[in-house]
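**Q** here is a sequence together with a model predicted from it:
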Amino acid sequence: MRLPSTALLCTLVCAIILPACRKDASVTPPPDGLRIRIAPTWGDQPFATYTEYRAPGNLRFQAEMLRFYLSDLRLVSDSGETALSDVVLIDLAKSDAVLEFDVPDGQWRGLRAGLGLPAEINHSNPGLYAENHPMSVNTGMHWSWANGYKFVLFDGRFDPDPASTGPLFSVFSVHTGMDTCFTEVDLFADLPFSTKNGSLTTLTLHADVHGFLQNGPDTIDVTTENQSHGGNYPLAFKLTRNVKRSLRLE
Amino acid sequence: MRPARFILPLALLASACTHDVSDEPLAWDPTPFVIELPAGFPPMAVPSDNPLTQASVELGKTLFFDKRLSRDGTLSCASCHFPELAFSDTVPLSVGVDGLTGMRNAPPLLNLAWHEAFFRDGGVPTLERQAIAPVHDEREMAYSITRAAAALRFQEPYATLSVKAYGGELDGWSLVRALASYERTLVSGWSRWDRWMNGDATAMSEDEQRGWELFSSAELNCTACHSGFDFSDHGFHNVGQYLAYDDPGRERITLNPSDNGKFKTPTLRNIARTAPYMHDGSMASLEEVIDHFASGGLPHANRDPEMRTFVLSAEDRADLFAFLRALNDERLIDQVR
């Protein structure tokens, strides 16, 4: 008996494999768990980096990099807390960022997290984290001189003259960090929400970037308060308070 | 006879593999690096997760002089830490990639194995973690330990040395451990002063001996901070250099205002080779430094109480400088040949 030709063999193999691929695609399970969409805004406007807005004092301002850590992320219910994640890095430059978690069934009031990193992981060895880990040394968040991490990184540019129309030359670069800037943040939804095996629960974490500069009693005057890299910690504390107040879960 | 077509190549492949492995066994090589310590030095503590081996030190030295650790391939560690200058730089603030200047004067790299905190503000507790900072600092090498390691790991000598040193491919963590290993071997303690202290009465001239007496005197009080085998207490002090410091110094780490303007006491070994001086490199000569300390410093709130004024005759000054020059090593600091 003659052996089948190469072409015939290929046809047979493809005939076996292709239907299997179609079948795999058709049985993709529906998404479930908890999805948190990150929604940065500038007040009531959508936010994007490298876009001009008006900062307090009616100054032209654009954010260029804006990232922060949430650590020890927990779901909060009436009966206690359930751990979600050790650490996530929120990058507000990404317009479609989402966080996804496997969660148990339950009824929840909201989330609780640390803004920044607690001391026990803040001073851990950055060389030991994989490239895709939020604490990888390549995230730009490691403060090697301080043996720790930046908690909030907020870089941008502004024009100190509200009437000017020229390029934005003045630099705004405020980085928080050090253990004393770590704080807890409660993110309670307006209404309780539930999670159930086999269904997807979607929440939105709103981050008002204008509020990072002006919120409650704390206004950052970018003309005079525009640099903090460990030295200007009153400004770092002010930004920490404002970020904490400007996050909202829906 | 069709199956023979497959058997022959497989047999060749198998024999080739066996041949390579048996000829060049590549594995972790724990052969210790034998460090030579000067007489009177305390034992060197080496972290248990980074023992000094010949391979780790050789890997570290190779990396130290490799410009591919910087983003644009223009700077190595040695670009700002010149071996012939006790691993210090010649300029107040070293120039990094893109022409940016660093924040502080590059210190000499000597006797680091005995330090408990690194950088002039002491913000980093180990040599291994210290090595991360200059590679990542935008004002220095502006790159990444993991990206540099990825770019080098399949190239020789790194492919071989990293297996011998740490049992695997070069990665970010083995890169900084190797750099730390090499830096630990940079020991300074072979000056004429050392020989004189160890019994060679001819090692220092009479001028130099008078300078040592002045240096040790209660009047000048230099040894309040520049003490011990490393001529440093490795503590943090404000010496009244400024009334208001642009650089907060130790306060940057502790956030304690009482640490404002405090910087780690530098070693005085090879001091004549490490100009310019002070944390910001603002004093070009030892003469300026001595004048500052003779003045007692400016009355900053955190000025160290050990700062005091003193007056030196021209002869005293010459003797003091002669002694400081006698702290230069007479042999190479680098023990890796």
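**A** In hand now; what should we look at? All of these numbers come straight from a predicted model, not from anything done at the bench.
**Q** how about the residues of chain A near chain B?
**A** Residues of chain A lying close to chain B (C-beta under 8 Å from any C-beta of the partner chain) are A:125-128, A:131, A:136-138, A:142, A:144-147, A:178, A:180, A:230-231, A:233. C-beta: built from backbone N, CA, C; applies to glycine.
**Q** chain A contacts on chain B?
**A** Checking chain B against chain A by C-beta under 8 Å from any C-beta, the hits are B:119, B:121, B:123-125, B:128-129, B:132-133, B:136-137, B:144-147, B:171-173, B:176, B:247-248, B:251-253, B:255.
**Q** in contact with the residue most central in space within chain A, which residues?
**A** In chain A, the residue lying closest to the centroid (C-alpha atoms, centre = their mean) is A:Ile90, at 1.3 Å. Contact analysis of A:Ile90 by C-beta atoms under 8 Å, 6 or more residues apart in numbering or on different chains lists A:Ile38, A:Arg67, A:Phe68, A:Tyr69, A:Leu70, A:Ala97, A:Leu205, A:Ala207.
**Q** between these, which is nearest chain B?
**A** A:Arg67 (15.8 Å; C-beta to the nearest C-beta).
**Q** and that closest one, that's in a helix?
**A** No: assignment of A:Arg67 by DSSP: H, G, I helix; E, B strand; the rest coil gives strand, placing it outside any helix.
**Q** and it, how many neighbours?
**A** Look at A:Arg67: counted by other C-beta atoms under 10 Å in any protein chain shown, it has 21 neighbours.
**Q** how about the one 10 residues further on?
**A** The criterion is other C-beta under 10 Å. On that basis, A:Ser77 has 15 neighbouring residues.
**Q** now do the contacts for it.
**A** A:Ser77 neighbours (C-beta under 8 Å, 6+ apart): A:Gly106, A:Gln107, A:Trp108, A:Arg109.
**Q** now B:Ala180
**A** Contacts for B:Ala180 (C-beta under 8 Å, 6+ apart) come out as B:Asn50, B:Gly60, B:Thr126, B:Leu127, B:Glu128, B:Gln130, B:Ala131.
**Q** please redo it, this time with the cut-off set to 7 Å
**A** Residues in contact with B:Ala180, defined by C-beta atoms under 7 Å, 6 or more residues apart in numbering or on different chains, are B:Asn50, B:Leu127, B:Glu128, B:Ala131.
**Q** go on, B:Arg139?
**A** The neighbourhood of B:Arg139, defined by C-beta under 7 Å, 6+ apart, consists of B:Gly96, B:Leu100, B:Thr101, B:Gly102, B:Met103.
**Q** that one: what secondary structure?
**A** Of the three states, B:Arg139 takes coil under three-state DSSP.
**Q** what pLDDT is listed against it?
**A** Among the per-residue scores, B:Arg139 holds a pLDDT of 93.
**Q** how near is it to B:Asp66?
**A** Between B:Arg139 and B:Asp66 the computed distance is 20 Å (C-beta to C-beta, to the nearest Å).
**Q** same deal with A:Asp186?
**A** To B:Asp66, A:Asp186 is 49 Å away according to C-beta to C-beta.
**Q** neighbour count: these two, which is higher?
**A** More crowded of A:Asp186 and B:Asp66, by other C-beta under 10 Å: B:Asp66, with 16 against 13.
**Q** enumerate every residue touching the more buried one.
**A** Going by C-beta under 7 Å, 6+ apart, B:Asp66 touches B:Ser76.
**Q** can you give me the distance of it to A:Asp86?
**A** Distance of B:Asp66 to A:Asp86, computed by C-beta to C-beta: 35 Å.
**Q** re the thing from before, got a quick PyMOL command for the buried subset of the residues of chain A next to chain B?
**A** Selecting only the buried entries of the residues of chain A next to chain B in PyMOL, with 16 or more other C-beta atoms under 10 Å in any protein chain shown as the criterion:
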select buried, chain A and resi 125+126+127+136+137+138+142+144+145+146+147+178+230+231+233
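**Q** so which of the residues of chain A next to chain B belong to strands?
**A** A:His142 (DSSP state E).
**Q** which of the contacts of B:Ala180 lies closest to chain A?
**A** Once C-beta to the nearest C-beta is applied, the member of these that ends up nearest chain A is B:Glu128, at 7.8 Å.
**Q** so which elements touch the one helix or strand the closest one maps to?
**A** For B:Glu128, the element it lies in under DSSP states H and E is helix B:127-130. For helix B:127-130, the contact count by 3 or more C-beta pairs under 7 Å, 6 or more residues apart in numbering or on different chains; DSSP states H and E identifies helix B:172-184 as packing neighbours.
**Q** for the nearest residue to B:Ile145 once chain neighbours are set aside, list the residues it contacts.
**A** Spatial nearest neighbour of B:Ile145, excluding adjacent residues (C-beta to C-beta, 6 or more residues apart in numbering or on different chains): B:Gly172 at 3.8 Å. For B:Gly172, the contacting residues are A:Gly127, A:Val137, B:Ile145, B:Thr146, B:Ala149, by C-beta under 7 Å, 6+ apart.
**Q** let me have those in CSV, extended by pLDDT.
**A** Listed next are these as CSV, based on pLDDT from 0 to 100:
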residue, pLDDT
A:Gly127, 84
A:Val137, 91
B:Ile145, 94
B:Thr146, 92
B:Ala149, 96
